[in-house]
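S.K.: please find the sequence and the predicted model below.
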Amino acid sequence: MGDSACVQNAREKRELPLIKFTAANASEAFFDSLRQYGFATLISHPLDMARVNRIYSAWRAHFVEGVATEFAMDPVRQDGYFALDEAESAIGQVVRDYKEYFQFYQ
């Protein structure tokens with residue numbers, strides 16, 4: 001199955017597509033995923049996965065400790081910690097994104 005067929009199939013099922021970094025349509029698929037879902041998943045990328053896994057481990061530990069809630073989102077500045085129940089939804093979507101995150105502005 002070609003890369004564009006995989007992306008099309010994912011759209012029909014409403015599943016987050018796995019976008020191959022080296023695919024001819026990677027840029028288009030990446031931005032389409034951002035519009036549809038609010039985020040994207042790249043596979044076969046050149047990132048050092050050991051480093052990525054260390055970052056994920058550090059973030060998991062941070063969230064497990066409960067420290068994130070000490071930096072609750074400021075409704076005026078729109079920065080700080082956004083819990084799962086405060087997460088945004090992708091434009092045109094009703095269901096909230098399943099994520100917790102920080103926004104920081106200087």
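M.R.: Received it, and whenever you're ready, just let me know what you need.
S.K.: which parts of this structure are strands?
M.R.: Under the criterion DSSP state E, strands of the chain are mapped to 18-20, 41-43, 80-82, 101-103.
S.K.: just give me the lowest mean pLDDT stretch among these.
M.R.: Per-segment mean pLDDT for those reaches its minimum on strand 101-103, at a mean of 80.
S.K.: ok, and what's touching it?
M.R.: Under the criterion C-beta atoms under 8 Å, 6 or more residues apart in numbering, residues 68, 71, 73, 78-82, 87 lie in contact with strand 101-103. The way it works is simple: take the backbone N, C-alpha and C, and place the C-beta from them, glycine included.
S.K.: repeat the analysis, applying 10 Å as the threshold.
M.R.: Around strand 101-103, the neighbours that count as contacts under C-beta atoms under 10 Å, 6 or more residues apart in numbering are 39, 59, 62, 68, 71, 73-74, 77-84, 86-88.
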